[in-house]
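> Give me a 3D structure for the following:
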Amino acid sequence: MATSHHSPAAPDAPSPAGLRRSVAAGAVGVFVHWFDWAAYAYLADTVATVFFPAENSTTGLLAVFGVFAVSFGIRPLGAAVFGPLGDRIGRKRTLSLVIFLMSGATLAIGLLPGYASIGIAAPVLLVALRLVQGFAAGGEFGSAASFLAETAPRRRRGFGVSWLEVGSLLGFLAGSFAFLLLSVGLDAAQLTEWGWRIPFLVSAPLGIIGFIIRNKIEDTPEYRALEAADTVPRSPARELLRTHRRELLQAAGLMTAMHVPFYVVLTYLVTYETDHLGHSAGSAGLLSTAISLLGLVLVPLFGGLSDRVGRKPVFIGATGGLLVVATPAFLLMRTGIVGTWIAGLLLGACLAAILGTYAVWSAEIFPTRTRQSGLSIGYNVTAALFAGTVPYVLTVLISATGSTLVPGPYMMIFAVGGLVAALTLRETAGTALLRAEDLSPAADPDAEPARI
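This next block holds a predicted model:
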(Lines give C-alpha, C1' and ligand atoms only; values in the text may rest on other atoms or scores of the structure.)
Protein backbone atom coordinates (compact mmCIF):
# COMPACT_ATOMS: atom_id res chain seq x y z
CA MET A 1 0.00 0.00 0.00
CA ALA A 2 1.38 3.34 -1.03
CA THR A 3 2.23 5.86 1.59
CA SER A 4 1.02 9.43 1.58
CA HIS A 5 1.42 12.68 3.46
CA HIS A 6 2.00 12.13 7.13
CA SER A 7 0.40 13.96 9.98
CA PRO A 8 2.70 16.16 12.05
CA ALA A 9 0.68 15.09 15.08
CA ALA A 10 -1.73 12.19 15.07
CA PRO A 11 -5.11 13.25 16.48
CA ASP A 12 -6.51 11.16 19.29
CA ALA A 13 -8.72 8.26 18.21
CA PRO A 14 -12.34 8.55 19.40
CA SER A 15 -13.78 6.16 21.96
CA PRO A 16 -16.29 3.56 20.69
CA ALA A 17 -19.14 5.62 22.18
CA GLY A 18 -17.74 8.78 20.63
CA LEU A 19 -17.43 7.05 17.29
CA ARG A 20 -21.07 5.95 17.42
CA ARG A 21 -22.13 9.55 18.16
CA SER A 22 -20.01 10.77 15.29
CA VAL A 23 -21.52 8.25 12.86
CA ALA A 24 -25.02 9.23 14.00
CA ALA A 25 -24.21 12.92 13.64
CA GLY A 26 -22.83 12.42 10.14
CA ALA A 27 -25.52 10.07 8.83
CA VAL A 28 -28.66 11.66 10.30
CA GLY A 29 -28.63 14.61 7.91
CA VAL A 30 -28.42 12.50 4.76
CA PHE A 31 -31.20 10.31 6.17
CA VAL A 32 -33.47 13.35 6.61
CA HIS A 33 -32.52 14.68 3.17
CA TRP A 34 -33.23 11.41 1.33
CA PHE A 35 -36.41 10.76 3.31
CA ASP A 36 -37.69 14.14 2.15
CA TRP A 37 -36.44 13.53 -1.41
CA ALA A 38 -38.22 10.17 -1.69
CA ALA A 39 -41.44 11.49 -0.12
CA TYR A 40 -41.58 14.44 -2.52
CA ALA A 41 -40.86 12.24 -5.55
CA TYR A 42 -43.45 9.59 -4.68
CA LEU A 43 -46.09 12.18 -3.77
CA ALA A 44 -45.54 14.24 -6.96
CA ASP A 45 -49.06 13.61 -8.30
CA THR A 46 -50.68 14.67 -5.03
CA VAL A 47 -48.43 17.72 -4.60
CA ALA A 48 -49.35 18.79 -8.16
CA THR A 49 -53.04 18.58 -7.26
CA VAL A 50 -52.60 20.59 -4.05
CA PHE A 51 -50.30 23.37 -5.23
CA PHE A 52 -51.08 23.96 -8.89
CA PRO A 53 -54.28 24.88 -10.78
CA ALA A 54 -56.51 21.88 -11.44
CA GLU A 55 -57.31 22.71 -15.07
CA ASN A 56 -54.41 20.68 -16.46
CA SER A 57 -53.02 17.79 -14.40
CA THR A 58 -50.09 17.24 -16.77
CA THR A 59 -49.02 20.87 -16.46
CA GLY A 60 -49.23 20.59 -12.68
CA LEU A 61 -47.11 17.44 -12.62
CA LEU A 62 -44.51 19.01 -14.90
CA ALA A 63 -44.44 22.03 -12.59
CA VAL A 64 -43.81 19.79 -9.58
CA PHE A 65 -40.91 18.07 -11.34
CA GLY A 66 -39.68 21.49 -12.44
CA VAL A 67 -39.57 22.53 -8.79
CA PHE A 68 -37.71 19.28 -8.12
CA ALA A 69 -35.13 20.15 -10.80
CA VAL A 70 -34.71 23.71 -9.49
CA SER A 71 -33.88 22.38 -6.03
CA PHE A 72 -31.18 20.25 -7.67
CA GLY A 73 -29.84 23.17 -9.68
CA ILE A 74 -29.30 25.40 -6.65
CA ARG A 75 -27.19 22.80 -4.81
CA PRO A 76 -23.88 23.98 -6.32
CA LEU A 77 -24.62 27.42 -4.85
CA GLY A 78 -25.15 25.83 -1.44
CA ALA A 79 -21.92 23.91 -1.92
CA ALA A 80 -20.05 27.09 -2.82
CA VAL A 81 -21.27 28.66 0.44
CA PHE A 82 -21.20 25.80 2.96
CA GLY A 83 -18.08 24.04 1.66
CA PRO A 84 -15.70 26.97 2.22
CA LEU A 85 -17.66 27.97 5.33
CA GLY A 86 -16.96 24.57 6.88
CA ASP A 87 -13.26 24.94 6.14
CA ARG A 88 -13.32 28.35 7.83
CA ILE A 89 -15.57 27.85 10.87
CA GLY A 90 -15.56 24.06 11.34
CA ARG A 91 -17.50 20.95 10.35
CA LYS A 92 -19.73 20.96 13.44
CA ARG A 93 -21.23 24.38 12.79
CA THR A 94 -22.10 23.74 9.15
CA LEU A 95 -23.51 20.30 10.02
CA SER A 96 -25.87 21.96 12.51
CA LEU A 97 -26.78 24.80 10.17
CA VAL A 98 -27.65 22.69 7.14
CA ILE A 99 -29.88 20.26 9.04
CA PHE A 100 -31.66 23.21 10.70
CA LEU A 101 -32.37 24.78 7.31
CA MET A 102 -33.37 21.50 5.64
CA SER A 103 -35.76 20.32 8.34
CA GLY A 104 -37.19 23.81 8.87
CA ALA A 105 -38.05 24.16 5.17
CA THR A 106 -39.49 20.63 5.11
CA LEU A 107 -41.72 21.41 8.10
CA ALA A 108 -42.89 24.61 6.41
CA ILE A 109 -43.87 22.64 3.28
CA GLY A 110 -45.90 20.29 5.46
CA LEU A 111 -47.79 23.27 6.91
CA LEU A 112 -48.14 25.22 3.64
CA PRO A 113 -51.71 26.00 2.46
CA GLY A 114 -52.59 24.78 -1.02
CA TYR A 115 -53.60 26.63 -4.19
CA ALA A 116 -57.29 26.45 -3.26
CA SER A 117 -56.61 28.45 -0.08
CA ILE A 118 -54.04 31.09 -1.05
CA GLY A 119 -53.90 30.94 -4.84
CA ILE A 120 -50.66 31.70 -6.68
CA ALA A 121 -48.85 32.27 -3.38
CA ALA A 122 -48.96 28.50 -2.78
CA PRO A 123 -46.70 27.42 -5.68
CA VAL A 124 -44.50 30.49 -5.18
CA LEU A 125 -43.90 29.57 -1.53
CA LEU A 126 -43.38 25.92 -2.48
CA VAL A 127 -40.64 26.93 -4.92
CA ALA A 128 -39.04 29.19 -2.30
CA LEU A 129 -39.01 26.42 0.32
CA ARG A 130 -37.63 23.86 -2.14
CA LEU A 131 -34.88 26.33 -2.97
CA VAL A 132 -34.00 26.59 0.73
CA GLN A 133 -33.93 22.79 0.95
CA GLY A 134 -31.71 22.48 -2.12
CA PHE A 135 -29.40 25.24 -0.91
CA ALA A 136 -28.96 23.51 2.46
CA ALA A 137 -28.59 20.08 0.83
CA GLY A 138 -25.66 21.53 -1.11
CA GLY A 139 -23.77 21.70 2.19
CA GLU A 140 -24.80 18.34 3.62
CA PHE A 141 -22.54 15.86 1.84
CA GLY A 142 -19.32 17.87 2.16
CA SER A 143 -19.92 18.62 5.84
CA ALA A 144 -20.88 15.06 6.74
CA ALA A 145 -18.19 13.32 4.67
CA SER A 146 -15.47 15.60 6.04
CA PHE A 147 -16.71 15.09 9.59
CA LEU A 148 -16.92 11.30 9.34
CA ALA A 149 -13.54 10.98 7.63
CA GLU A 150 -11.87 13.13 10.27
CA THR A 151 -13.45 11.38 13.26
CA ALA A 152 -13.21 7.73 12.16
CA PRO A 153 -10.16 5.72 13.28
CA ARG A 154 -7.51 5.81 10.56
CA ARG A 155 -7.57 2.04 9.99
CA ARG A 156 -11.39 1.91 9.87
CA ARG A 157 -12.05 5.14 8.00
CA GLY A 158 -13.62 3.45 4.97
CA PHE A 159 -16.08 1.59 7.18
CA GLY A 160 -16.91 4.76 9.14
CA VAL A 161 -17.50 6.99 6.12
CA SER A 162 -19.57 4.29 4.36
CA TRP A 163 -22.32 4.89 6.93
CA LEU A 164 -22.98 8.17 5.17
CA GLU A 165 -24.41 6.16 2.26
CA VAL A 166 -26.16 3.75 4.62
CA GLY A 167 -27.98 6.84 5.94
CA SER A 168 -28.98 7.87 2.41
CA LEU A 169 -30.29 4.39 1.55
CA LEU A 170 -32.22 4.21 4.84
CA GLY A 171 -33.76 7.61 4.17
CA PHE A 172 -34.73 6.57 0.65
CA LEU A 173 -36.30 3.37 1.95
CA ALA A 174 -38.12 5.17 4.78
CA GLY A 175 -39.57 7.69 2.34
CA SER A 176 -40.84 4.98 -0.01
CA PHE A 177 -42.22 2.97 2.95
CA ALA A 178 -44.06 6.06 4.24
CA PHE A 179 -45.64 6.50 0.81
CA LEU A 180 -46.65 2.82 0.78
CA LEU A 181 -48.34 3.17 4.19
CA LEU A 182 -50.18 6.30 3.08
CA SER A 183 -51.31 4.67 -0.17
CA VAL A 184 -52.64 1.61 1.62
CA GLY A 185 -54.15 3.39 4.63
CA LEU A 186 -55.80 6.39 2.96
CA ASP A 187 -58.08 6.91 0.01
CA ALA A 188 -57.26 9.46 -2.70
CA ALA A 189 -59.35 12.21 -1.10
CA GLN A 190 -57.71 11.80 2.32
CA LEU A 191 -54.25 11.70 0.76
CA THR A 192 -54.92 14.95 -1.09
CA GLU A 193 -56.64 16.70 1.80
CA TRP A 194 -54.12 16.02 4.58
CA GLY A 195 -52.29 12.69 4.23
CA TRP A 196 -49.52 14.01 1.96
CA ARG A 197 -48.40 16.35 4.75
CA ILE A 198 -47.45 13.54 7.15
CA PRO A 199 -43.97 12.67 5.76
CA PHE A 200 -43.00 16.36 5.70
CA LEU A 201 -44.19 16.89 9.26
CA VAL A 202 -42.40 13.73 10.42
CA SER A 203 -39.15 15.18 9.08
CA ALA A 204 -39.34 17.99 11.64
CA PRO A 205 -38.71 15.90 14.80
CA LEU A 206 -36.08 13.91 12.89
CA GLY A 207 -34.36 17.19 12.05
CA ILE A 208 -34.60 18.40 15.65
CA ILE A 209 -33.02 15.16 16.90
CA GLY A 210 -30.29 15.51 14.29
CA PHE A 211 -29.68 19.14 15.24
CA ILE A 212 -29.36 18.22 18.94
CA ILE A 213 -26.92 15.38 18.15
CA ARG A 214 -24.82 17.61 15.91
CA ASN A 215 -24.87 20.53 18.31
CA LYS A 216 -23.49 18.39 21.16
CA ILE A 217 -20.55 16.86 19.31
CA GLU A 218 -17.03 18.28 19.29
CA ASP A 219 -15.45 19.40 16.06
CA THR A 220 -13.00 17.04 14.42
CA PRO A 221 -9.43 16.57 15.72
CA GLU A 222 -8.03 17.68 12.36
CA TYR A 223 -9.97 20.93 12.30
CA ARG A 224 -9.08 21.64 15.93
CA ALA A 225 -5.41 21.12 14.98
CA LEU A 226 -5.78 23.88 12.35
CA GLU A 227 -7.26 26.16 14.98
CA ALA A 228 -4.47 25.38 17.45
CA ALA A 229 -1.83 26.18 14.80
CA ASP A 230 -3.77 29.27 13.68
CA THR A 231 -3.73 28.07 10.07
CA VAL A 232 -7.46 27.97 9.36
CA PRO A 233 -7.70 29.20 5.74
CA ARG A 234 -9.29 32.56 4.99
CA SER A 235 -10.13 31.72 1.36
CA PRO A 236 -10.44 27.92 1.09
CA ALA A 237 -12.34 27.98 -2.22
CA ARG A 238 -9.68 30.14 -3.87
CA GLU A 239 -6.96 27.93 -2.40
CA LEU A 240 -8.77 24.83 -3.70
CA LEU A 241 -9.06 26.17 -7.24
CA ARG A 242 -5.52 27.55 -7.23
CA THR A 243 -3.61 24.57 -5.87
CA HIS A 244 -5.90 21.51 -5.94
CA ARG A 245 -7.64 21.57 -9.33
CA ARG A 246 -6.26 18.13 -10.19
CA GLU A 247 -7.66 16.62 -6.99
CA LEU A 248 -11.02 18.30 -7.66
CA LEU A 249 -11.20 16.72 -11.11
CA GLN A 250 -10.19 13.32 -9.74
CA ALA A 251 -12.87 13.50 -7.05
CA ALA A 252 -15.40 14.55 -9.71
CA GLY A 253 -14.52 11.42 -11.67
CA LEU A 254 -15.15 9.21 -8.64
CA MET A 255 -18.40 11.03 -7.88
CA THR A 256 -19.91 10.84 -11.38
CA ALA A 257 -19.16 7.11 -11.38
CA MET A 258 -21.44 6.98 -8.34
CA HIS A 259 -24.12 9.53 -9.29
CA VAL A 260 -25.21 8.04 -12.61
CA PRO A 261 -25.50 4.35 -11.54
CA PHE A 262 -27.24 5.47 -8.34
CA TYR A 263 -30.00 7.28 -10.21
CA VAL A 264 -30.26 4.67 -12.97
CA VAL A 265 -30.47 1.69 -10.60
CA LEU A 266 -32.47 3.14 -7.69
CA THR A 267 -34.82 5.61 -9.41
CA TYR A 268 -34.95 5.36 -13.21
CA LEU A 269 -35.10 1.56 -13.25
CA VAL A 270 -38.63 1.68 -11.76
CA THR A 271 -39.84 3.77 -14.71
CA TYR A 272 -37.87 1.63 -17.17
CA GLU A 273 -39.51 -1.58 -15.95
CA THR A 274 -43.04 -0.23 -16.24
CA ASP A 275 -42.58 1.67 -19.52
CA HIS A 276 -40.30 -0.67 -21.48
CA LEU A 277 -40.55 -4.12 -19.87
CA GLY A 278 -44.27 -4.11 -19.07
CA HIS A 279 -43.82 -4.93 -15.38
CA SER A 280 -46.28 -3.69 -12.78
CA ALA A 281 -45.42 -0.68 -10.64
CA GLY A 282 -45.59 -2.92 -7.56
CA SER A 283 -43.07 -5.39 -9.00
CA ALA A 284 -40.73 -2.57 -10.03
CA GLY A 285 -40.98 -0.95 -6.60
CA LEU A 286 -40.27 -4.27 -4.90
CA LEU A 287 -37.05 -4.73 -6.88
CA SER A 288 -35.97 -1.18 -6.03
CA THR A 289 -36.55 -1.97 -2.35
CA ALA A 290 -34.57 -5.22 -2.64
CA ILE A 291 -31.64 -3.40 -4.26
CA SER A 292 -31.68 -0.80 -1.47
CA LEU A 293 -31.73 -3.53 1.20
CA LEU A 294 -28.82 -5.26 -0.52
CA GLY A 295 -26.98 -1.94 -0.43
CA LEU A 296 -27.57 -1.55 3.30
CA VAL A 297 -25.70 -4.83 3.83
CA LEU A 298 -22.98 -4.48 1.20
CA VAL A 299 -22.01 -0.79 1.46
CA PRO A 300 -20.38 -1.00 4.93
CA LEU A 301 -18.84 -4.36 4.00
CA PHE A 302 -17.18 -2.83 0.95
CA GLY A 303 -16.15 0.20 3.02
CA GLY A 304 -14.50 -2.14 5.53
CA LEU A 305 -12.92 -4.16 2.72
CA SER A 306 -11.33 -0.98 1.36
CA ASP A 307 -9.69 -0.50 4.76
CA ARG A 308 -8.09 -3.94 4.45
CA VAL A 309 -7.09 -4.12 0.78
CA GLY A 310 -7.20 -0.45 -0.27
CA ARG A 311 -9.59 1.97 -1.94
CA LYS A 312 -8.08 1.40 -5.37
CA PRO A 313 -8.75 -2.36 -5.78
CA VAL A 314 -12.33 -2.11 -4.51
CA PHE A 315 -13.26 0.94 -6.58
CA ILE A 316 -11.56 -0.33 -9.75
CA GLY A 317 -13.22 -3.71 -9.26
CA ALA A 318 -16.61 -2.01 -8.86
CA THR A 319 -16.35 0.28 -11.88
CA GLY A 320 -14.71 -2.47 -13.94
CA GLY A 321 -17.55 -4.79 -12.98
CA LEU A 322 -20.08 -2.15 -13.98
CA LEU A 323 -18.29 -1.72 -17.31
CA VAL A 324 -18.63 -5.47 -17.95
CA VAL A 325 -22.20 -6.09 -16.78
CA ALA A 326 -24.06 -2.82 -17.55
CA THR A 327 -25.24 -3.58 -21.11
CA PRO A 328 -25.64 -7.37 -20.64
CA ALA A 329 -27.80 -6.60 -17.60
CA PHE A 330 -30.31 -4.70 -19.73
CA LEU A 331 -30.27 -7.55 -22.27
CA LEU A 332 -30.97 -9.98 -19.44
CA MET A 333 -33.95 -7.87 -18.33
CA ARG A 334 -35.64 -8.66 -21.64
CA THR A 335 -35.87 -12.34 -20.70
CA GLY A 336 -38.50 -11.80 -18.01
CA ILE A 337 -39.01 -10.99 -14.37
CA VAL A 338 -36.35 -13.42 -13.10
CA GLY A 339 -33.77 -12.00 -15.47
CA THR A 340 -34.74 -8.48 -14.40
CA TRP A 341 -34.18 -9.33 -10.75
CA ILE A 342 -30.80 -10.98 -11.41
CA ALA A 343 -29.70 -8.01 -13.51
CA GLY A 344 -30.95 -5.46 -10.99
CA LEU A 345 -29.20 -7.14 -8.07
CA LEU A 346 -25.94 -7.42 -10.06
CA LEU A 347 -26.06 -3.72 -10.85
CA GLY A 348 -26.94 -3.04 -7.20
CA ALA A 349 -23.87 -4.96 -6.02
CA CYS A 350 -21.58 -2.90 -8.31
CA LEU A 351 -23.24 0.28 -7.06
CA ALA A 352 -22.79 -0.79 -3.42
CA ALA A 353 -19.04 -1.24 -3.92
CA ILE A 354 -18.81 2.25 -5.44
CA LEU A 355 -20.90 3.73 -2.61
CA GLY A 356 -18.68 2.05 -0.02
CA THR A 357 -15.48 3.66 -1.32
CA TYR A 358 -16.01 6.84 -3.34
CA ALA A 359 -16.75 9.19 -0.40
CA VAL A 360 -13.83 8.17 1.80
CA TRP A 361 -11.40 8.17 -1.14
CA SER A 362 -12.61 11.62 -2.19
CA ALA A 363 -12.16 12.89 1.38
CA GLU A 364 -8.61 11.52 1.56
CA ILE A 365 -7.60 13.24 -1.68
CA PHE A 366 -7.86 16.75 -0.20
CA PRO A 367 -5.83 18.34 2.60
CA THR A 368 -7.76 19.29 5.73
CA ARG A 369 -7.61 23.00 4.84
CA THR A 370 -9.76 22.57 1.71
CA ARG A 371 -11.43 19.18 2.28
CA GLN A 372 -14.98 20.37 2.83
CA SER A 373 -14.77 22.83 -0.09
CA GLY A 374 -13.49 20.11 -2.43
CA LEU A 375 -16.08 17.54 -1.37
CA SER A 376 -19.00 19.98 -1.45
CA ILE A 377 -18.21 21.58 -4.79
CA GLY A 378 -17.18 18.34 -6.52
CA TYR A 379 -20.22 16.40 -5.31
CA ASN A 380 -22.89 18.99 -6.00
CA VAL A 381 -21.64 20.27 -9.36
CA THR A 382 -21.46 16.70 -10.69
CA ALA A 383 -24.87 15.92 -9.15
CA ALA A 384 -26.47 18.94 -10.84
CA LEU A 385 -24.91 18.07 -14.20
CA PHE A 386 -25.26 14.30 -14.27
CA ALA A 387 -27.50 12.96 -11.49
CA GLY A 388 -30.71 14.96 -11.73
CA THR A 389 -30.62 14.76 -15.53
CA VAL A 390 -30.56 10.93 -15.71
CA PRO A 391 -34.31 10.29 -16.33
CA TYR A 392 -34.57 13.10 -18.89
CA VAL A 393 -31.41 12.16 -20.83
CA LEU A 394 -32.23 8.45 -20.96
CA THR A 395 -35.81 9.14 -22.07
CA VAL A 396 -34.53 11.36 -24.91
CA LEU A 397 -31.81 8.87 -25.94
CA ILE A 398 -34.17 5.88 -25.99
CA SER A 399 -36.65 7.90 -28.06
CA ALA A 400 -33.95 9.08 -30.48
CA THR A 401 -32.24 5.70 -30.96
CA GLY A 402 -35.20 3.38 -30.55
CA SER A 403 -33.03 1.13 -28.37
CA THR A 404 -33.99 0.22 -24.82
CA LEU A 405 -30.39 -0.87 -24.15
CA VAL A 406 -29.26 2.78 -23.89
CA PRO A 407 -28.99 2.86 -20.05
CA GLY A 408 -26.21 0.23 -20.19
CA PRO A 409 -23.78 2.14 -22.45
CA TYR A 410 -24.71 5.37 -20.67
CA MET A 411 -23.54 3.94 -17.33
CA MET A 412 -20.44 2.53 -19.03
CA ILE A 413 -19.35 6.02 -20.08
CA PHE A 414 -19.27 7.18 -16.45
CA ALA A 415 -17.71 3.91 -15.27
CA VAL A 416 -14.82 4.66 -17.65
CA GLY A 417 -14.55 8.16 -16.16
CA GLY A 418 -14.39 6.66 -12.67
CA LEU A 419 -11.74 4.16 -13.78
CA VAL A 420 -9.58 6.90 -15.29
CA ALA A 421 -9.82 8.92 -12.07
CA ALA A 422 -9.00 5.86 -9.95
CA LEU A 423 -5.97 4.93 -12.04
CA THR A 424 -4.51 8.44 -11.66
CA LEU A 425 -4.92 8.41 -7.88
CA ARG A 426 -2.53 7.05 -5.28
CA GLU A 427 -3.71 4.63 -2.62
CA THR A 428 -4.82 6.50 0.51
CA ALA A 429 -6.23 3.83 2.83
CA GLY A 430 -4.70 4.10 6.31
CA THR A 431 -2.93 7.39 5.62
CA ALA A 432 -3.13 10.48 7.83
CA LEU A 433 -5.56 13.24 6.87
CA LEU A 434 -3.61 16.03 8.56
CA ARG A 435 -0.62 17.00 6.47
CA ALA A 436 2.38 19.23 6.99
CA GLU A 437 0.91 21.73 4.49
CA ASP A 438 -2.23 22.03 6.66
CA LEU A 439 -0.21 23.48 9.52
CA SER A 440 1.98 25.76 7.42
CA PRO A 441 1.06 29.46 7.32
CA ALA A 442 2.61 29.60 3.84
CA ALA A 443 -0.22 27.43 2.54
CA ASP A 444 -2.52 30.47 2.55
CA PRO A 445 -0.93 33.72 1.46
CA ASP A 446 -3.84 35.61 2.99
CA ALA A 447 -3.38 34.02 6.41
CA GLU A 448 -1.62 35.76 9.25
CA PRO A 449 1.48 34.08 10.70
CA ALA A 450 0.70 31.50 13.36
CA ARG A 451 0.84 32.80 16.91
CA ILE A 452 3.61 31.31 19.06
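> for this protein, longest helix please?
When the chain is parsed with DSSP state H, its longest helix is helix 121-151.
> Which positions within it qualify as buried?
Buried residues in helix 121-151, counted by 16 or more other Cβ atoms under 10 Å: 122-123, 125-127, 129-151. The C-beta positions use only the backbone N, C-alpha and C, and glycine is treated the same way.
> mind checking how far that helix is from the chain centre?
Remark: helix 121-151 is offset 11 Å from the chain centroid, using Cα atoms, centre = their mean, to the nearest Å.
> Give the buried residues for the next helix or strand after it.
Downstream of helix 121-151, the next assigned helix or strand under DSSP states H and E is helix 157-185. In terms of neighbour count (16+ other Cβ under 10 Å), helix 157-185 has its buried residues at 157-176, 178-179, 182.
> Flag the shaky bits of the stretch 251-400 of the chain, pLDDT-wise.
Scanning the stretch 251-400 of the chain with the threshold set as pLDDT under 70 gives no residue ranges.
> at 90 instead, please
Within the stretch 251-400 of the chain, the stretches with pLDDT under 90 are 266-268, 270-271, 274-275, 279-285, 384, 387-396, 399.
> Which stretches in it count as strands?
Shown for the stretch 251-400 of the chain, no strands are assigned by DSSP state E, counting those that start in this stretch.
> show me where it has helices.
For the stretch 251-400 of the chain, the helices defined by DSSP state H, counting those that start in this stretch occupy 269-272, 281-309, 311-333, 337-365, 371-382, 390-401.
> ok so, going back, let me know the average pLDDT across the longest helix of the chain.
Helix 121-151 comes out with an average pLDDT of 92.
> show me what contacts the nearest residue to G175 once chain neighbours are set aside?
Nearest residue to G175 in three dimensions, chain neighbours excluded: A38, at 2.6 Å (Cβ to Cβ, 6 or more residues apart in numbering). Shown in contact with A38 (Cβ atoms under 8 Å, 6 or more residues apart in numbering): G171, F172, L173, A174, G175, S176, A178, F179.
> quick check, nearest of those to A228?
Set against A228, the nearest of the contacts of A38 by Cβ to Cβ is G171 (35.5 Å).
> I figured the closest one hits V30, correct?
Yes. Shown here, G171 and V30 form a contact pair, counting by Cβ atoms under 8 Å, at 6.4 Å.
> follow-up on the earlier one: how near is the residue nearest to G175 to L394?
20 Å (Cβ to Cβ, to the nearest Å).
> Equivalent analysis for G210, please.
Distance, G210 to L394, by Cβ to Cβ: 34 Å.
> out of those two, which sits in the busier spot?
Remark: of G210 and L394, G210 carries more neighbours, 26 against 21, as counted by other Cβ atoms under 10 Å.
> The nearest residue to the more buried one once chain neighbours are set aside: what's it in contact with?
In this structure, G210 finds its nearest non-sequential neighbour in V28, 3.8 Å apart by Cβ to Cβ, 6+ apart. Neighbouring residues of V28 by Cβ under 8 Å, 6+ apart: I99, G167, L206, I209, G210, I213, R214.
> ok, 10 Å please
Contact partners of V28, counting by Cβ atoms under 10 Å, 6 or more residues apart in numbering, are 95, 99, 144, 167, 171, 206-207, 209-214.
> I'd like to know which of these is nearest to A69.
Closest to A69, out of all of the contacts of V28 and judged by Cβ to Cβ, is G171, at 20.0 Å.
> how about T271, what does it touch?
Contact analysis of T271 by Cβ under 10 Å, 6+ apart lists A281, A284, P391, L394, T395.
> Quickly note the distance from it to A257.
Going from T271 to A257 by Cβ to Cβ gives 22 Å.
> And D275, by the same measure?
26 Å.
> With L186 instead?
Taking Cβ to Cβ, one finds L186 at 40 Å from A257.
> So the two - more neighbours on which side?
Using other Cβ under 10 Å, the more surrounded residue of L186 and A257 is A257, with 30 against 16.
> what's the nearest residue to that one if we skip its chain neighbours?
In space, and not counting its chain neighbours, A257 is closest to G418: 2.5 Å by Cβ to Cβ, 6+ apart.
> Might you report the residue contacts of the residue lying closest to Y263 once chain neighbours are set aside?
Computed as Cβ to Cβ, 6+ apart, the closest residue to Y263 that is not its neighbour in sequence is V390, at 4.0 Å. Applying Cβ under 10 Å, 6+ apart to V390 gives the contacts H259, V260, P261, F262, Y263, V264, T267, Y268, P407, Y410, M411.
> Please apply the same query to G374.
Listed by Cβ under 10 Å, 6+ apart, the contact set of G374 reads 83, 87, 142, 146, 236-237, 240-241, 244, 247-248, 250-252, 362-363, 365-367.
> repeat that for 8 Å
G83, G142, L240, H244, E247, L248, A251, S362, I365, F366.
> With respect to G104, which of the residues you listed is nearest?
For those, the nearest to G104 is G142 (19.9 Å; Cβ to Cβ).
> Nearest residue to the closest one in space, ignoring adjacent ones along the chain?
S376 (2.9 Å).
> contacting residues around the spatially most central residue of the chain?
Nearest to the mean C-alpha position of the chain, counting by Cα atoms, centre = their mean, stands F141 at 6.0 Å. With contact taken as Cβ under 8 Å, 6+ apart, F141 is in contact with V30, L164, A359, L375, S376, Y379, N380.
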